[in-house]
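>>> pasting the sequence and the predicted model now:
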Amino acid sequence: MGGNAVPLLEAVGIRKRFGGVVALDGASLQCQAGEVHALLGANGSGKSTLAKVVTGVVAPDAGEVRIRGRVEKISGPADMDRLRIAAVYQELSLIPQLTVAENVLLNREPTRAGFIHREALWQRAAEVLHRLEQYLDRRLPLHEPVGQLSPADQQLVEIAKALSRDPEILILDEATASLRRHEVDALNQVVRELSAAGTGILFISHRLGEVYELCQRATILRNGRVVGTVDLAETPERDLLRLMTGEDLVLERRGRSRPMSRPVRLRVEGLRVAGCLDEISLEARAGEVVGLGGLQGQGQSDLLRALFGDLPHAAGRVEIDGKPVRLGQPADAIRHGMVLVPGNRGQEGLFMIRSVLENITLPSLAHRSWAGWLSLQRERNAARHMLNRLQVKVGSLDDSVATLSGGNQQKVVVGKWLLTEPKILLLDDPTKGVDVQARNELYRVVEDLRDAGLVVILNSSDDSELLALSDRILVLYEGRVVDELRGERLTEQELVGASLRLGSSDRKEGMSHA
Amino acid sequence: MLNGQDARLIIQRPPLPSVLRRSLPFLASLGVLGGVLVVNAILQPNLLTLPVIRSNLATFLPLIAAAVGQAIIVLSGGIDLSAGGIITLVNVVLVSLAGVWGTESGWSTLAAVLVSLLVAVAAGLLNGLLVASLRLQAIVATFATNFVWMGLALAVLPVPGGQAPIPLYRLYRASFLGIPSVVFLLILVILLWVILKRSRMGQFLYAVGGHAQAAFASGLPVERVRMLTYGLGGLFFGLAGVFLTADIASGDPLIGSPLTMNTIAAVVIGGTPLAGGTGGAGGAVVGAIVLGLIRNIIFFANVPPFYQDFISGLIIIAALALAAGGRGRRRSA
């Protein structure tokens, strides 16, 4: 990439203010044709806002966007089409009721004599999907409504939809957040193809591993300003983190592996759930963090949901504090002091348009009510106390949850369950799409809870997080526990090895990303 | 690994199970229709003779056309509570125009019908303007415009009376090649829907009804689509008004009101949830016929008039429950 070539995409001196908050304060960035450029920063640093300026979702107060050297006014999807910009958003732009094929070619439907040419639509959609599928070991269901697909598959459809636009500039905003490892690999292959063909790619991700794998340069934002544009090959991770946060933040090992003498709080024997879990047995003692590891999608989330009573048990026995319990629905689990913090906070964890106060107090109202009556003062006190404990910064308890950053939203989800005073906390990928700083704060919360004697069962798509937090890790593979790591075996190498089942009879898929 | 050539050469057709699963709500409404037909046929043995089919269809057709219009609006995420008002307006305008231009001539009849349809489309577009452009809540905005249309209707024709154009009245009762004209009109209504559904606009209706924000992010002209759905709805309400006028052959400024809720019931019985995004007008046609047959059943079962609405309400609830059964319970995977 010669420094003197006209950049494909250039943002210059972008300023944007939302009410009293300065989101972008003169941010600039350049992306060359054929470059994969990372846009990094903690949540709230303005990187999403900058991406939204480029896609015309947000109109800047000052500054300009240049495409191939020309100043362009981008004010909506139509301009993006004209300039051949496509974006994969964190919030999906798919219509759940339409099929995969219909979604991929939405607003691009081939017609014949004024009617949609179905066969051509199916074929063209299949061709686009094939660009991803050739690197996966399966095909996406062309004729299934998108709403029926797993979050990962929906994300793949969203990516295919962007590819169908034949973009010259592609923006991937946390596009890998719900993808499994081999799917990320497939996306990386496609991204490499695109960049080889001259497409400029803006890559936004919290997963630094992926950033190093894919990108050549990175622009780092902090508090709405660019603090540096670096060559990734010459910048170690530690330096990158320092640029992002202004301080050293490294995952330190927080788990303890010493033998425990505390009583067994949760015992699961032979749990089976049709289609996803087989003969799962585990024991967790008070004050223990048990990690669920393995490749993504091997039943970790299903196990948490099954324990929460959200999936029907086909067989098995669950005991809490030595007493057998029946978990037919979430209300049962909650009554026994077992709560789930879901990974998909927008859909399952929060009422976005309602206030922080309402969200955080909702599950525990009964604890503080008297004959059905609530004291608003007591509610506000309880909420404020919890927000302080979790270090959530909110303007007012009455602000809607949607105004909070991703990290703070996740803390509200944790907080609303902590107010129910649970004994067992099920965490399903709690830091997905959450920045480093908020992440570390959440880790501190997990530590506190563990010290307070709670059982924490943790699923995470981030191996280093799992290793840092867990006292021991159960490795799942195709719905079974295939290994348990504790003590000296709690290393990344051991975890990856156990996840891929190295040494046991193996699947082709497992080997490909060893 | 998949072979690169395969994806290009072989068109993947929708597999039968997934087609069946998607059309389950419609199939369920057909099941309800079957059940109602059998009961009706037992109480009224001549149900399936040509004259009875003709007279039944003539009675049902206004609701069928209106239900198609309502389905278009509902599946794109809206609702129109002014359907009955628009139908009434069309009825009184058509009769009044016939009064001015004469009830005999074919050309003046055609002109009166076209003007009435234009009035309906304009009323629909006005609803669309309120809902799509001014972002008023559809349920309240159309509840209000309904009063406006009914008020206008009363201004045009304060008391029942007048006469429908004779060619229209005759055409509605005529037969061609032994087939009643109402059958052709039914086919026309369905054909209009099929054309819409197969166009890109049809796809946009579902997209906007399914997830308007995502549709916008995909570059769809969401506001224009919404506006157009109300206009199209107006067109079908207009057709309903013309059919109703042809059937009763006169004007009545209160005639359309009870139709609104029936169109919504027909839409839901036909498998289109009020949340929008799925379903279709085909189901609404079935739903409208089911509602018509339920009225027949009550009539032929000699239910005392006092209980008719009561019984009809119970049967509609049963039909809704059956139709909802077809939709099945969905669990997030």
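Yes, it's here. Numbering: from 1, shown residues only, chains lettered A, B, ... in the order given.
>>> confirm that B:Gly271 sits in a helix.
No - the assignment for B:Gly271 by DSSP: H, G, I helix; E, B strand; the rest coil gives coil, which leaves it out of any helix.
>>> so how far is A:Leu340 from it?
34 Å (Cβ to Cβ, to the nearest Å). Backbone N, C-alpha and C define where each C-beta goes, glycine included.
>>> and if you look at A:Arg480?
21 Å.
>>> what about these two, which has more around it?
A:Leu340 (26 against 14; other Cβ atoms under 10 Å in any protein chain shown).
>>> residues contacting the more buried one?
Neighbouring residues of A:Leu340 by Cβ atoms under 8 Å, 6 or more residues apart in numbering or on different chains: A:Leu304, A:Arg305, A:Leu307, A:Phe308, A:Asp310, A:Pro330, A:Ala333, A:Trp417, A:Leu426, A:Asp428.
>>> centroid-wise, who is the farthest residue in chain A?
A:Ala113 (43.5 Å; Cα atoms, centre = their mean).
>>> picking up where we left off before, let me have the contacts of A:Leu340 in CSV, extended by pLDDT and secondary structure.
Output for the contacts of A:Leu340, formatted as CSV (pLDDT from 0 to 100; DSSP: H, G, I helix; E, B strand; the rest coil):
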residue, pLDDT, secondary structure
A:Leu304, 93, helix
A:Arg305, 91, helix
A:Leu307, 93, helix
A:Phe308, 92, coil
A:Asp310, 89, coil
A:Pro330, 88, helix
A:Ala333, 91, helix
A:Trp417, 86, helix
A:Leu426, 93, strand
A:Asp428, 90, strand
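>>> and those residues, which are buried?
A:Leu304, A:Arg305, A:Leu307, A:Phe308, A:Asp310, A:Pro330, A:Ala333, A:Trp417, A:Leu426, A:Asp428 (16 or more other Cβ atoms under 10 Å in any protein chain shown).
>>> just give the closest residue to whatever residue of the stretch 51-200 of chain B ends up closest to chain A, not the sequence neighbours.
With Cβ to the nearest Cβ, the shortest gap between the stretch 51-200 of chain B and chain A falls at B:Arg198, namely 4.3 Å. Counting by Cβ to Cβ, 6 or more residues apart in numbering or on different chains, B:Arg198 lies nearest to A:Phe115, which is 4.3 Å off, once chain neighbours are set aside.
>>> any idea how many residues pack against the one you found?
Close neighbours of A:Phe115, defined as other Cβ under 10 Å, add up to 15.
>>> also B:Phe26?
Neighbour tally, B:Phe26, other Cβ under 10 Å: 19.
>>> residue of chain B closest to chain A, please.
Nearest residue of chain B to chain A: B:Gly219, at 3.4 Å (Cβ to the nearest Cβ).
>>> for that residue, what are its contacts?
For B:Gly219, the contact set (Cβ under 8 Å, 6+ apart) comprises A:Gly76, A:Pro77, A:Ala78, A:Met80, A:Asp81, A:Asn107.
>>> show me the residue at the heart of the chain, geometrically.
Just going to use chain A. A:Lys432 (3.0 Å).
>>> sorry, should have said chain B
B:Ala67 (1.7 Å).
>>> now the residue of chain A found nearest chain B: closest residue in space that isn't a chain neighbour?
At 3.4 Å from chain B, A:Pro77 is the closest residue in chain A, using Cβ to the nearest Cβ. Closest residue to A:Pro77 apart from its sequence neighbours, by Cβ to Cβ, 6+ apart: B:Gly219 at 3.4 Å.
>>> over to the one you found. Which of the three states is it?
B:Gly219 ends up coil, using three-state DSSP.
>>> A:Ile116 versus that one, what's the distance?
Counting by Cβ to Cβ - B:Gly219 and A:Ile116 are separated by 16 Å.
>>> which parts of chain B are strands?
Here chain B has its strands, by DSSP state E, at B:175-176, B:179-180.
>>> coming back round to it: hang on, isn't the residue nearest to the centre of chain A packed against A:Gln155?
No - with contact defined as Cβ atoms under 8 Å, A:Lys432 does not reach A:Gln155; the gap is 11.9 Å.
>>> what sits in contact with each of the two?
Counting by Cβ under 8 Å, 6+ apart, the residues touching both A:Lys432 and A:Gln155 are A:Ala177, A:Ser178.
>>> low pLDDT regions in the chain?
Answering for chain A, as no chain was given. A:1-4, A:19-21, A:42-44, A:90, A:245-260, A:344-348, A:433, A:500-514 (pLDDT under 70).
>>> you looked at the wrong chain, it should be chain B
B:1-10, B:323-333.
>>> residue numbers of it in contact with chain A?
B:1-2, B:4, B:7-8, B:11-15, B:18-19, B:22, B:195, B:198-200, B:202-203, B:206-207, B:209-211, B:213-220, B:277-278, B:333 (Cβ under 8 Å from any Cβ of the partner chain).
>>> drop anything exposed from those residues.
Among the residues of chain B next to chain A, those buried by neighbour count (16+ other Cβ under 10 Å) are B:7, B:12, B:14, B:18, B:22, B:198-200, B:202-203, B:206-207, B:209-211, B:214-220, B:277-278.
>>> which residues touch B:Ile166?
Residues near B:Ile166 by Cβ under 8 Å, 6+ apart: B:Thr103, B:Glu104, B:Thr109.
>>> following the chain onward from the helix or strand harbouring A:Ala186, which element is next?
For A:Ala186, the host element (DSSP states H and E) is helix A:181-196. Downstream of helix A:181-196, the next assigned helix or strand under DSSP H and E is strand A:200-204.
>>> without its sequence neighbours, what residue ends up closest to A:Leu425?
A:Val456 (4.9 Å).
>>> these two touch, right, the one you found and A:Lys423?
No - assessed by Cβ under 8 Å, A:Val456 is found out of contact with A:Lys423, at 10.6 Å.
>>> which one's more surrounded, those two?
A side-by-side neighbour count of A:Val456 and A:Lys423, using other Cβ under 10 Å, places A:Val456 first with 24 against 16.
>>> please identify the helix or strand for the more buried one.
strand A:455-459.
>>> what does that strand contact?
Residues external to strand A:455-459 that are found in contact with it (Cβ under 8 Å, 6+ apart): A:265-266, A:284-292, A:300-301, A:303-304, A:307, A:343, A:423-430, A:446, A:449-450, A:466, A:469-470.
>>> measure how far it is from the centre of its chain, please.
17 Å (Cα atoms, centre = their mean, to the nearest Å).
>>> ok, that strand: who's next to it in the sheet?
The pairing partners recorded for strand A:455-459 under DSSP bridges are strand A:289-293 (parallel), strand A:424-428 (parallel).
>>> A:Asp462 is nearest to which of these?
Proximity to A:Asp462 (Cβ to Cβ) singles out strand A:289-293 among the strands paired with strand A:455-459, at 10.6 Å.
>>> I am finished for the moment; much appreciated.
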